[in-house]
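Asks: Return atomic coordinates for the entry below.
(2 chains)
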Amino acid sequence: MYLKSLIREKISKKYFDLFGSDPVEFTVEIPPQSFGDYSSNVAMVSAKTLKKSPKIIAQALIDAFQGDAEFELVEMAGPGFLNFKLSNTLYRNLIKKYAKKVDMPKAKPQKIQFEFVSANPTGPLTVGHGRQAVIGDILSRLNTAVGKNVTREYYFNDAGRQMKMLGHSTWIRYNELYGKKFEFEEDDYVADYLVDVAKSISEEYGDRYVNIWNDEVQSFFTSYASKKIFEWIKRTLEKLHVPFDVYFSEQTLYKTGLTDEAMKILKDRGYIYEKDDSTWFAVSKILSNEDDRVIIRKNGEPTYFFSDIAYMLDKYRRGFEKVYYIWGADHHGYIPRMLAVSKALGIPDEFFNVILHQFVTLKSGEEIVRMSKRHGDFVTLEDLIDAVGVDATRYFFAMMDPDTTLVFDVDLAKSKRMDNPVYYVQYAHARISSLMKNAREKGIEYEDASLGSISKDEGTIVREMDEFQDVVIAAIEQQKPQKICNYAYSLSEKFHSYYTDHRIVDPENMERSKDRLKLCTCVKNVLEITLSLIGVSAPDEM
RNA sequence: GCGCCCAUAGCUCAAUUGGAUAGAGCAACGGACUUCUAAUCCGUAGGUUGCAGGUUCAAUUCCUGCUGGGCGCGCCA
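Replies: Numbers count the residues shown, from 1 in each chain, chains lettered A, B, ... in the order given. Predicted coordinates for the structure are as follows:
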């Protein structure tokens, strides 16, 4: 970031001196392969406004750069690129900076919210939830790191029809323990995990509910089962190192009267009407292609959609400038109606944001494990974490673009072979720690390294280090956690390569050893902060 | 039928949100450990970026239309 902005500022200044105006937006980037250390397209993008050919503009800038000691070489290439070769002094200054501290880019201290996972306590978290949890967690970490005030929220419903089915299903399992057979109903949860819940009830309360089914029993089984399952969910999230600030219950919306308030606002604004004994929200009044939706059923019960309306109002009232809903791809159809809600409530457009992610399939060997929650035929997130470890779980969920379906290769995640990217990155960190230990044992102090030996070979690593802030910004702006993983890998790659070619700790050459150890300190610092953003540990030995 | 997402090396993925010769890993082949961790490194081979148009100095990237795959279109969430 520092090197790029230095070059950018210099170009702007020289451009202004030459042409009497500020240049239009241009890039400064690390070019492919051996085109120089940095390159800029400023001459090409300015061709139109200046009515000069790119090559003439480029040449004028190059002439202006003559005699600048911070650059060894500035030259033109291709259709008018400016290529820069940096002086070693610049690299030395940067190493001093990064050895002390890795700066985070700073953003406006907005109050924002990420709402994710939000699974109702009817069953354990699946690997799909895992992907969402990790995406939400990393985006939260990133935004917190750049200075935003982030609330991580989990929304859940612990009443209503779904919950009733849960209670009923548990009761059936409970009766089974006593040899009583009842039939499951249509939307009951037939999965095995409720057997454990039933056993737990049996141990605590004995047989007092066998063969007895009434409202009181229903409500007991529902609340017992949901409480038990919620404990399970929270335990899994803890294992995954995903904390939440707020667990928000849907019921709160009704208790606090926010539902009534939302209804009033929508009514006053003319978005509510009655039809077929139900109450409707006129989505089509805002988005003409969309269908209107029922918010109060014939039987007088509100739909979940109505709760979602009140919930959005609640979020807005709490003073968030932006809220992000993280949803699986199956929810994408929900976006238009929620957008309509935000408009109908008079909430500013930038408030409501959705981050979608595609599905997860598990792969073991050549076999693709398909998951179906209906048949209880799925792998729980907890099982996955137990099998491959939390670091690999998080890294694998994070390293793919949320927009693509993720094939989670369980064998690869488990493997400690060299093709596992988590270990590759962690190994780079461990290697550096080991070098430092080695230096300590030999009594080498490198705090005051002169950096006199730092040159081109180290430049590659320094430039990569200096990409850090830009990568963080890009990951946040584009909502792509995998950018951080790719960066961690790329920096590790450059370090491993450097390590192989250069002796770091060399008693025969103390000055050089100090310089290189200082460089390693920088890489270690950047790797540590990068891994912490992914939520993966940075081990000192492996 | 309508909507969202995806398509890049044999496989899994990148490509700094329009830049130069499209890059890594795995798999294949060949090399590097009496030397700080070989969980590593270096090299060879591998491509009409799904297809067809368009936009411009420049397209994997943007636009249009196809093809193929995933997901969704409930008074379920």
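
Asks: in terms of contact, does residue A:120 touch residue A:159 like I think?
Replies: No: using Cβ atoms under 8 Å, residue A:120 is not in contact with residue A:159, being 10.0 Å away. Every C-beta, even on glycine, is put in place using the N, C-alpha and C of the backbone.

Asks: Remind me which helix or strand residue A:13 belongs to.
Replies: helix A:2-19 (DSSP states H and E).

Asks: now for the helix or strand just after that helix, which elements pack on it?
Replies: Next helix or strand after helix A:2-19 toward the C-terminus (DSSP H and E): strand A:28-29. Using 3 or more Cβ pairs under 8 Å, 6 or more residues apart in numbering; DSSP states H and E, the elements in contact with strand A:28-29 are helix A:2-19, strand A:38-40.

Asks: Reformat the ones you listed into a markdown table and put mean pLDDT, distance to RNA strand B and mean neighbour count next to each item.
Replies: Shown next, in a markdown table, are the helices and strands packed on strand A:28-29 (pLDDT from 0 to 100; distance: least, Cβ to the nearest atom of the strand, whole Å; neighbours: other Cβ atoms under 10 Å):
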| stretch | mean pLDDT | distance to RNA strand B | mean neighbour count |
| --- | --- | --- | --- |
| helix A:2-19 | 93 | 8 | 17 |
| strand A:38-40 | 94 | 3 | 23 |
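
Asks: Nearest to residue A:469 among those would be which one?
Replies: Closest to residue A:469 of the helices and strands packed on strand A:28-29 is helix A:2-19 (Cβ to Cβ; 8.5 Å).

Asks: gap between the closest one and the chain center?
Replies: Helix A:2-19 sits 34 Å away from the centroid of its parent chain (Cα atoms, centre = their mean, to the nearest Å).

Asks: Next: stretch A:253-267.
Replies: Centroid separation for stretch A:253-267 versus its chain: 33 Å, with Cα atoms, centre = their mean.

Asks: That one near RNA strand B at all?
Replies: No: contact of stretch A:253-267 with RNA strand B (Cβ under 7 Å from any atom of the strand) is absent, the minimum separation being 12.7 Å.

Asks: got the buried residues for that stretch?
Replies: A:253-254, A:258-259, A:262-263, A:265-266 (16 or more other Cβ atoms under 10 Å).

Asks: returning to what we had before: how about JSON lines for the helices and strands packed on strand A:28-29, with distance to residue A:350 added?
Replies: Below are the helices and strands packed on strand A:28-29 laid out as JSON lines (distance: least, Cβ to Cβ, whole Å):
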{"stretch": "helix A:2-19", "distance to residue A:350": "27"}
{"stretch": "strand A:38-40", "distance to residue A:350": "32"}
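
Asks: closest one to residue A:195 among the ones you listed?
Replies: Across the helices and strands packed on strand A:28-29, closest to residue A:195 is helix A:2-19 (Cβ to Cβ), at 59.0 Å.

Asks: Contacts for that closest one next, please.
Replies: A:21-23, A:26, A:28-29, A:38, A:40, A:42, A:46, A:50, A:60-61, A:64-65, A:68, A:70, A:82, A:84, A:86, A:90, A:94, A:97, A:462-463, A:466, A:470 (Cβ atoms under 8 Å, 6 or more residues apart in numbering).

Asks: Please list only the buried members of those residues.
Replies: A:23, A:26, A:28, A:38, A:40, A:42, A:46, A:50, A:60-61, A:64-65, A:82, A:84, A:86, A:90, A:94, A:462-463, A:466, A:470.

Asks: Mark which of the buried residues of stretch A:253-267 are part of helices, please.
Replies: Using DSSP state H, A:253-254, A:258-259, A:262-263, A:265-266 are the members of the buried residues of stretch A:253-267 that sit in helices.

Asks: would you turn those residues into TSV with distance to residue A:535 and pLDDT?
Replies: Formatted as TSV, these follow (distance: Cβ to Cβ, whole Å; pLDDT from 0 to 100):
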residue	distance to residue A:535	pLDDT
A:253	31	94
A:254	35	93
A:258	33	94
A:259	36	94
A:262	36	96
A:263	40	96
A:265	39	96
A:266	40	96
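
Asks: now the residues you listed as CSV including distance to residue A:136?
Replies: As requested, those are exported to CSV (distance: Cβ to Cβ, whole Å):
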residue, distance to residue A:136
A:253, 22
A:254, 26
A:258, 24
A:259, 26
A:262, 25
A:263, 30
A:265, 29
A:266, 29
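
Asks: Residue A:442: which of those residues is nearest?
Replies: Nearest member of those to residue A:442, counting by Cβ to Cβ, is residue A:253, at 64.4 Å.

Asks: and the closest one, how far is that from residue A:302?
Replies: 9 Å (Cβ to Cβ, to the nearest Å).

Asks: Which secondary structure element is home to the nearest residue to residue A:325 once chain neighbours are set aside?
Replies: Distance criterion Cβ to Cβ, 6 or more residues apart in numbering; nearest residue to residue A:325, sequence neighbours excluded, is residue A:354 at 4.9 Å. Following DSSP H and E, one finds residue A:354 within strand A:352-357.

Asks: The helix or strand that comes right after that strand pairs with which strands, parallel or anti?
Replies: Reading on from strand A:352-357 to the C-terminus, the next helix or strand found by DSSP H and E is strand A:360-364. If you go by DSSP bridges, strand A:360-364 pairs up with strand A:367-369 (antiparallel), strand A:406-409 (parallel).

Asks: Mean confidence (pLDDT) on strand A:360-364, please.
Replies: On average, the pLDDT along strand A:360-364 is 84.

Asks: That'll do, ta.
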